[in-house]
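Undergrad: Just need the structure, nothing else, for what follows:
(chains A and B)
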There are 2 protein chains.
Amino acid sequence: MNEIKIFSPATVANVACGFDVLGFCLDSVGDEMTIRKVDKKGIKISRIEGFDLPFETELNVAGVSALAMYDAINPDYGFEIEIYKNIKPGSGIGSSAASAAGSVFGMNELLGRPYNKTELTQFAIKGEALANDCEVADNVAAALFGGFTLVKSLSPLEILQIPSPDNLYATIIHPQIEIKTSVSRAFLPKEVKLQDAITQWANFGSLIHSMHTNNYELMRRSLHDVIIEPHRSKLIPHYLDVKNEALNAGALGSGISGSGPSVFSLCKGVETANNVRDAIKKVYSKTGIEFDIHVSRINTEGVKVL
Amino acid sequence: MNEIKIFSPATVANVACGFDVLGFCLDSVGDEMTIRKVDKKGIKISRIEGFDLPFETELNVAGVSALAMYDAINPDYGFEIEIYKNIKPGSGIGSSAASAAGSVFGMNELLGRPYNKTELTQFAIKGEALANDCEVADNVAAALFGGFTLVKSLSPLEILQIPSPDNLYATIIHPQIEIKTSVSRAFLPKEVKLQDAITQWANFGSLIHSMHTNNYELMRRSLHDVIIEPHRSKLIPHYLDVKNEALNAGALGSGISGSGPSVFSLCKGVETANNVRDAIKKVYSKTGIEFDIHVSRINTEGVKVL
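TA: Down below sits the predicted model:
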């Protein structure tokens, strides 16, 4: 096999009380990429469609992660990467992670799978670092493993796959505004009250328990973030209206996806997820801000060959 | 049935990364209590053996929790409580919780079980408040439910039973020193670094996942407390030596039990727990400080009728 076409999904990171460690994988939105073995050594980004991104390998997220793997193997041939981007950069649903994960997943397939998913995540983190100015794994892990992933630690990298109930769906709204990473980061508190931290880990432990026990109602009582949301939600226009209407329409919980501006809601069943979509649409239609909204089942597979 | 004799176990709270929310129940040490229906209305503490504790109902932890339940029911008879105390007050393994849980458990049995365990915990918290100056549920919940319990929230009170691997044992050392609650509390930080809080909830989520998946090695990598231990461990002489030797002897993790001075170690199998006991004994025997040490399986039943 000399060429492969893959689907690399969008992902949600910073899932409520699981800030910085819990992510999940979406199904209905993602990039497509073609990866091809070529005679010429090195990594070449040969085509980009959908959004305006750099062709220079070292400046392209998919290129950087591909190079990390390429350098580890150092084969006597090269790879070409074509990117058909559907996930808008900066939308908060893992656009860079999809690129970073996709290139290494595809190369790994063409090479006969020398690396496991944790090793692929390690390479993909290098690409993510280009986009984020620091190494983060929550989106790339969710993209590569699928389902819900807990990044237990970055060094050494350890990723846990958390089971989730079968009938879980996500509704995602992406308001078409830009939040600069530097601004979003400035809204993170450096210190937090011990009491709030205790509440957060009680909720997080509880959320993990709820997923092991298929307990949707406990999930509803656990999907709270008392640490980050109070700060960062100020950056997203009408955040509280969106959240309240989503919860009124039956969502188990809502929160900021990544560092925003997208907002996710988790729902039991596609019907509720559609109701939540309609309720959020109603809120945002009045604001004059353009937005995308979509419903997705949880993608338990992650990046896949098309 | 007019009289019942019960065993009310010792418990460990503040289990590493589960500070303030996770507790577990011991088997090899606990109080015995006799609870008796009597004609005279009210709650009377009729006998206390083992340690010098107040007989006045309102000043006795078992009395206060019993009164909370008694007032809720308001029967036309009363109860007498005898306490045979084995758990030394102030040892950090839930001495007051055993008293508080025991009296309400026993009364509930004599009354024909009108209350569930969460409701019993709610009454027992009132007794705990007398001993702790504030309402805490982690020890009483572990004593009443048995096994590992996560106090998800105090208001409303919600307790989750977390499954644990069958072959889990605890080794507990109780150095015979006194740590005043006020001093112990003064060693709690009011604010913590966001990065440390994230590490703590990653570990806690991971610990809950490890228990659902019977993964001892993940449990080992998760039983860390980066928030409280660095402060409170200073109050326990030779804490780090004890911990290091326990880990060298094979413990999955060690930490301060409650607010100390007891130190718990969790171990896979009774043989490892015995090795850990011997290793800790060796450390403490050199210090000149008197101590008790014992090994216990995890008690999955909680308070029980004898």
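Undergrad: Can you show me the strands along the stretch 51-200 of chain A?
TA: Here the stretch 51-200 of chain A has its strands, by DSSP state E, counting those that start in this stretch, at A:78-84, A:148-154, A:157-162, A:168-175, A:191-193.
Undergrad: Adding distance to chain B, mean pLDDT and mean neighbour count, write those out as CSV.
TA: Every C-beta, even on glycine, is put in place using the N, C-alpha and C of the backbone. Shown next, in CSV, are the strands of the stretch 51-200 of chain A (distance: least, Cβ to the nearest Cβ, whole Å; pLDDT from 0 to 100; neighbours: other Cβ atoms under 10 Å in any protein chain shown):
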stretch, distance to chain B, mean pLDDT, mean neighbour count
strand A:78-84, 32, 98, 20
strand A:148-154, 5, 97, 23
strand A:157-162, 5, 98, 20
strand A:168-175, 17, 98, 25
strand A:191-193, 4, 97, 17
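Undergrad: now those strands in TSV, with distance to B:K5?
TA: Putting the strands of the stretch 51-200 of chain A into TSV (distance: least, Cβ to Cβ, whole Å) gives the following:
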stretch	distance to B:K5
strand A:78-84	73
strand A:148-154	45
strand A:157-162	44
strand A:168-175	48
strand A:191-193	45
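Undergrad: Is chain B within reach of the lowest-mean-pLDDT helix or strand in chain A?
TA: Within chain A, no helix or strand scores below helix A:181-186, which has a mean of 84 by mean pLDDT, DSSP states H and E. No. Counting by Cβ under 8 Å from any Cβ of the partner chain, chain B is not contacted by helix A:181-186; separation bottoms out at 11.4 Å.
Undergrad: CA-only coordinates of that helix in CSV, if you can.
TA: What follows is helix A:181-186, C-alpha atoms only, in CSV (Å, rounded to 0.1, in the frame of the first residue of the first chain):
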residue,chain,number,x,y,z
THR,A,181,-5.1,31.9,22.5
SER,A,182,-3.1,34.5,24.5
VAL,A,183,-6.4,36.1,25.7
SER,A,184,-7.9,32.8,26.5
ARG,A,185,-4.8,31.8,28.5
ALA,A,186,-4.8,35.1,30.4
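Undergrad: ok, residues contacting the helix or strand A:H294 falls within?
TA: Here A:H294, judged by DSSP states H and E, is contained in strand A:291-297. Contacts to strand A:291-297, defined as Cβ atoms under 8 Å, 6 or more residues apart in numbering or on different chains, come from residues A:26-29, A:168-176, A:270, A:273-274, A:277, A:280-281, A:284.
Undergrad: Kindly tell me how buried A:I73 is, as a neighbour count.
TA: Neighbour count of A:I73, defined by other Cβ atoms under 10 Å in any protein chain shown: 11.
Undergrad: how close does it sit to A:V61?
TA: Computed as Cβ to Cβ, to the nearest Å, the A:I73 to A:V61 distance reads 19 Å.
Undergrad: Up against chain B, what does the stretch 1-150 of chain A have?
TA: So far as Cβ under 8 Å from any Cβ goes, the stretch 1-150 of chain A lies against chain B at A:C17, A:G18, A:F19, A:D20, A:V21, A:L22, A:L150.
Undergrad: residue ranges of the helices in chain A, please?
TA: A:61-73, A:95-110, A:117-132, A:138-145, A:181-186, A:194-212, A:216-222, A:229-232, A:239-248, A:270-285 (DSSP state H).
Undergrad: State the distance from A:A170 to A:G255.
TA: For A:A170, the distance to A:G255 - Cβ to Cβ - is 11 Å.
Undergrad: any common contacting residues for the two?
TA: What both A:A170 and A:G255 touch, as defined by Cβ under 8 Å, 6+ apart, is the set A:F264.
Undergrad: What separation is there between A:T199 and chain B?
TA: For A:T199, the distance to chain B (Cβ to the nearest Cβ, to the nearest Å) stands at 8 Å.
Undergrad: Deepest in the core, which of the helices of chain A is it.
TA: helix A:138-145 (a mean of 32; mean count of other Cβ atoms under 10 Å in any protein chain shown).
Undergrad: other SSEs contacting that one?
TA: Other helices and strands packing on helix A:138-145, by 3 or more Cβ pairs under 8 Å, 6 or more residues apart in numbering or on different chains; DSSP states H and E, are strand A:3-15, strand A:18-38, helix A:95-110, helix A:117-132, strand A:148-154, strand A:157-162.
Undergrad: rank the ones you listed by pLDDT, which is bottom?
TA: For the helices and strands packed on helix A:138-145, the bottom mean pLDDT is recorded on helix A:117-132, which sits at a mean of 93.
Undergrad: dump the residue contacts of A:N215.
TA: Residues near A:N215 by Cβ under 8 Å, 6+ apart: A:H209.
Undergrad: if I look at it, how far off is B:C267?
TA: 30 Å.
Undergrad: same deal with A:F7?
TA: 46 Å.
Undergrad: what do you get for A:V104?
TA: Distance of A:V104 to B:C267, computed by Cβ to Cβ: 40 Å.
Undergrad: which parts of the stretch 201-306 of chain A sit against chain B?
TA: Residues of the stretch 201-306 of chain A that fall close to chain B, judged by Cβ under 8 Å from any Cβ: A:201-209, A:212, A:218, A:221-222, A:227.
Undergrad: Between A:F7 and B:C267, point out the one with more neighbours.
TA: B:C267 (27 against 21).
Undergrad: Tell me the spacing between that one and chain A.
TA: 22 Å.
Undergrad: Roughly how far does the closest residue to that residue other than its chain neighbours sit from B:A143?
TA: Using Cβ to Cβ, 6 or more residues apart in numbering or on different chains and skipping residues adjacent in sequence, the residue nearest B:C267 is B:A273, 4.0 Å away. Per Cβ to Cβ, B:A273 is found 21 Å from B:A143.
Undergrad: Same check on A:H212?
TA: 24 Å.
Undergrad: Also A:I125?
TA: Taking Cβ to Cβ, one finds A:I125 at 44 Å from B:A143.
Undergrad: I'd like to know how far the closest residue in space to A:N108 that isn't next to it in sequence sits from A:A124.
TA: Take A:N108 and drop its neighbours on the chain: the residue closest to it by Cβ to Cβ, 6+ apart is A:Y115, 5.3 Å away. Separation of A:Y115 from A:A124 (Cβ to Cβ): 11 Å.
Undergrad: Need the residues touching each of the two.
TA: A:V104.
Undergrad: Quick one: residues contacting the closest residue to A:L306 other than its chain neighbours.
TA: Closest residue in space to A:L306, ignoring its immediate chain neighbours: A:K5 at 4.5 Å, by Cβ to Cβ, 6+ apart. Taking Cβ under 8 Å, 6+ apart as the criterion, A:K5 is in contact with A:E32, A:M33, A:T34, A:V305, A:L306.
Undergrad: same check, this time on A:R232
TA: A:S184, A:F187, A:L188, A:I256, A:S259, A:G260.
Undergrad: try 10 Å this time
TA: A:14, A:19, A:179, A:183-185, A:187-189, A:225, A:239, A:255-256, A:259-261 (Cβ atoms under 10 Å, 6 or more residues apart in numbering or on different chains).
Undergrad: Report the separation between it and A:T199.
TA: From A:R232 to A:T199 the distance is 17 Å (Cβ to Cβ).
Undergrad: Equivalent analysis for A:P189, please.
TA: 14 Å.
Undergrad: swap in A:A16?
TA: In terms of Cβ to Cβ, A:A16 sits 12 Å off from A:T199.
Undergrad: cool, and A:T34?
TA: 47 Å.
Undergrad: same check, this time on A:S155
TA: Relative to A:T199, and taking Cβ to Cβ, A:S155 is found at 27 Å.
Undergrad: so how far is stretch A:191-198 from its chain's centroid?
TA: 26 Å (Cα atoms, centre = their mean, to the nearest Å).
Undergrad: Let me see the residues that make contact with it.
TA: For stretch A:191-198, using Cβ under 10 Å, 6+ apart, the contacting residues are A:189, A:199-200, A:225-228, A:230, B:18-21, B:151, B:188-198, B:200-201, B:227-228.
Undergrad: now the angle from the strand holding A:H294 to strand A:3-15?
TA: Compare the direction of strand A:291-297 with that of strand A:3-15 by axes from the mean of the first three to the mean of the last three Cα atoms, to 10 degrees and you get 100 degrees.
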